[in-house]
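# what follows is a predicted protein model with its sequence.
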Amino acid sequence: MTFPVQRPRRLRKSELLRDLVCETRLGTKNLIYPLFVCPGSSVRKEVAAMPGVFQQSADRIVEDCREAEDLGIPGVILFGLPESKDARGASSLAQNGVVQRAIEAIRGAKLHLLVITDVCLCEYTDHGHCGVIENGEVANDPTLEILSEQALSHARAGADIVAPSDMMDGRVGAIRGKLDGNGFADVPILSYAAKYCSGFYGPFREAADSVPQFGDRRSYQMDPGNAREALKEVALDLEEGADMVMVKPALPYLDIVRQVKDEFRVPVAAYNVSGEYCMVKAASKNGWLDEKRVVIEILTGIRRAGADFILTYHAKEAARWLK
Ligand code: PBG
C-alpha cells in the first residue's frame with residue numbers, strides 16, 4: 001500500500017505526535033563535559049581555536065563542575081596540562097599532579113558528578129607522543145607500565161572511571177591488572193578503542209599542549225579508511241577487560257559507531273572532538289549556521305548512530321538548550 005493510503009506526514013502534524021513517535025532521544029544525561037586542568041589558581045584561559053573552552057586551574061575547574069552538575073550533566077573528563085614535561089611523562093604519575101589534585105578538589109566539593117580521567121602520555125611528554133620513544137619509535141610495551149601507574153594514581157585520587165586514549169596494544173589489560181592488584185577492581189575502564197588518526201584533533205593539541213614534536217601518530221592511531229580493524233580493536237579491548245568502548249572522532253565515523261553498537265553488547269561512547277566543535281563555532285559566529293539547531297542535530301545524529309553517551313565541548317550549552 002502506498003499513497004494515498006500511506007501518508008507519513010500524518011505523524012508529523014503536531015509536536016505531541018512527533019514526540020510520541022520520536023526514535024532517538026537526546027538528553028543531558030547522555031553528555032560528558034571535557035575539561036583542561038592547568039597548574040596555579042584563578043587561571044581561566046580561553047583556547048584560541050575553541051571559543052568557550054578554557055584551560056583552568058583546579059579551583060576554577062571545581063566551579064565549572066558545579067555548573068555542569070546544576071545543569072544535570074552526569075560527568076566530566078579531565079585532561080592535564082602539567083607543570084613540567086620529560087621524555088617519559090613522569091608528571092602524569094605524581095600524587096600532586098594537575099589531574100590528581102583536580103580530582104581531589106572535585107571530590108572535596110562533594111559534587112554529584114562522575115569524574116573520568118583521560119589516561120595518556122602525550123600531554124606529559126616533551127616529545128608530545130602518546131608513548132615513550134626508543135630508537136626513534138613510539139615503543140609499545142615500555143609504555144604500558146607508565147600508563148597503568150597513571151591510571152592507578154587517578155583511581156587513588158578518586159577517579160570514577162579511567163579512559164586510556166593512547167592506542168598502545170595491550171594497555172587495557174595492563175591497566176585492568178594494575179587496578180585489580182591494588183584494590184580498585186571496581187573502577188571501570190572506558191577505552192578509546194577505535195581512535196582514528198584525525199586532523200580533527202588540531203585544536204585539542206593546542207588546548208592540551210600535546211602537539212607531537214616530530215612525526216605523527218599514524219603508527220598507533222587508526223587509518224581513517226579502516227572499519228574492520230575498528231571491530232578488532234574493540235574486541236581486543238573487551239577481552240582485556242574494557243567495560244565501555246569509545247569511537248573517536250564522531251562525525252566522520254558514525255558508521256563505525258553503528259557497527260560497534262550492533263556487534264557488541266556494551267555501552268558505546270563517541271567523542272565529538274575539538275575540530276568538530278570549532279567548525280560549528282566558527283560557522284555560527286559568522287552567522288552561517290544556527291548554532292543551537294545544528295548542535296542538537298549533530299548530537300542527535302551521534303545518538304542515532306548508536307552512541308549511548310557523547311563526550312562533547314557543547315555539553316553545557318546543549319544542556320541549557322535541552323531544558
Ligand atoms: C590524547 C587525546 C587526544 C584527544 C583526546 N585525548 C588528542 C590526540 O590524540 O592527539 C583529542 C580530543 C579532541 O580533539 O577533542 N591522546
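Received the coordinates, thanks. None of these values were measured; they are calculated from a predicted model. Numbering: from 1, shown residues only.

# so what's G89 up against?
By C-beta atoms under 8 Å, 6 or more residues apart in numbering, the contact set of G89 is 121, 123-125, 132, 146, 150. Heads up, the C-betas are built off the backbone N, CA and C, glycines and all.

# farthest-separated two in those?
Maximum pairwise distance in the contacts of G89, criterion C-beta to C-beta, is 14.2 Å, between E123 and V132.

# mind checking which of these two has more residues around it?
Neighbour count, other C-beta atoms under 10 Å: between E123 and V132, E123 has more, with 26 against 22.

# hang on, isn't that one packed against G80?
Yes. Assessed by C-beta atoms under 8 Å, E123 is found in contact with G80 at 5.6 Å.

# please enumerate the shared neighbours of the two.
In contact with both E123 and G80: S92, using C-beta under 8 Å, 6+ apart.

# point to the helix or strand of the protein where mean pLDDT is at its lowest.
helix 202-207 (a mean of 91; mean pLDDT, DSSP states H and E).

# is it positioned near the ligand?
Yes. On the criterion C-beta under 6 Å from any ligand atom, helix 202-207 is in touch with the ligand at 204-205.

# residues of that helix that come out buried?
203-207 (16 or more other C-beta atoms under 10 Å).

# contact residues of the chain facing the ligand?
118, 120, 122, 130, 165, 201, 204-205, 210, 273-274.

# would you format those as JSON lines with secondary structure included?
What follows is those, written out as JSON lines (DSSP: H, G, I helix; E, B strand; the rest coil):
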{"residue": "D118", "secondary structure": "strand"}
{"residue": "C120", "secondary structure": "coil"}
{"residue": "C122", "secondary structure": "coil"}
{"residue": "C130", "secondary structure": "coil"}
{"residue": "S165", "secondary structure": "coil"}
{"residue": "Y201", "secondary structure": "helix"}
{"residue": "F204", "secondary structure": "helix"}
{"residue": "R205", "secondary structure": "helix"}
{"residue": "S210", "secondary structure": "coil"}
{"residue": "V273", "secondary structure": "coil"}
{"residue": "S274", "secondary structure": "helix"}
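
# between those residues, which is nearest G225?
Y201 (17.4 Å).

# tell me the spacing between the closest one and V273.
6 Å (C-beta to C-beta, to the nearest Å).

# same thing with T125?
Distance from T125 to V273, by C-beta to C-beta: 21 Å.

# buried set for stretch 244-257?
244-251, 253-254, 256-257.

# skipping adjacent residues, who's closest to whatever residue of the stretch 101-250 of the chain ends up closest to the ligand in space?
Taking C-beta to the nearest ligand atom as the measure, the stretch 101-250 of the chain has F204 as its residue closest to the ligand, at 3.1 Å. Counting by C-beta to C-beta, 6 or more residues apart in numbering, F204 lies nearest to S274, which is 3.8 Å off, once chain neighbours are set aside.

# thought G202 was touching the one you found, still the case?
Yes. Under the criterion of C-beta under 8 Å, S274 makes contact with G202 at 6.9 Å.

# overlap in contacts, those two.
In contact with both S274 and G202: A49, using C-beta under 8 Å, 6+ apart.

# redo the contacts of G89 as TSV? Include secondary structure.
Listed next are the contacts of G89 as TSV, based on three-state DSSP:
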residue	secondary structure
L121	coil
E123	coil
Y124	coil
T125	strand
V132	strand
I146	helix
Q150	helix
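
# most neighbours of all those residues, which one?
Most surrounded of the contacts of G89: other C-beta under 10 Å gives Q150, at 30 neighbours.

# who are the contact partners of that one?
89, 92-93, 119, 121.

# how about the residues you listed in a markdown table, adding secondary structure and pLDDT?
As requested, these are exported to a markdown table (DSSP: H, G, I helix; E, B strand; the rest coil; pLDDT from 0 to 100):
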| residue | secondary structure | pLDDT |
| --- | --- | --- |
| G89 | coil | 96 |
| S92 | helix | 97 |
| L93 | coil | 95 |
| V119 | strand | 98 |
| L121 | coil | 97 |
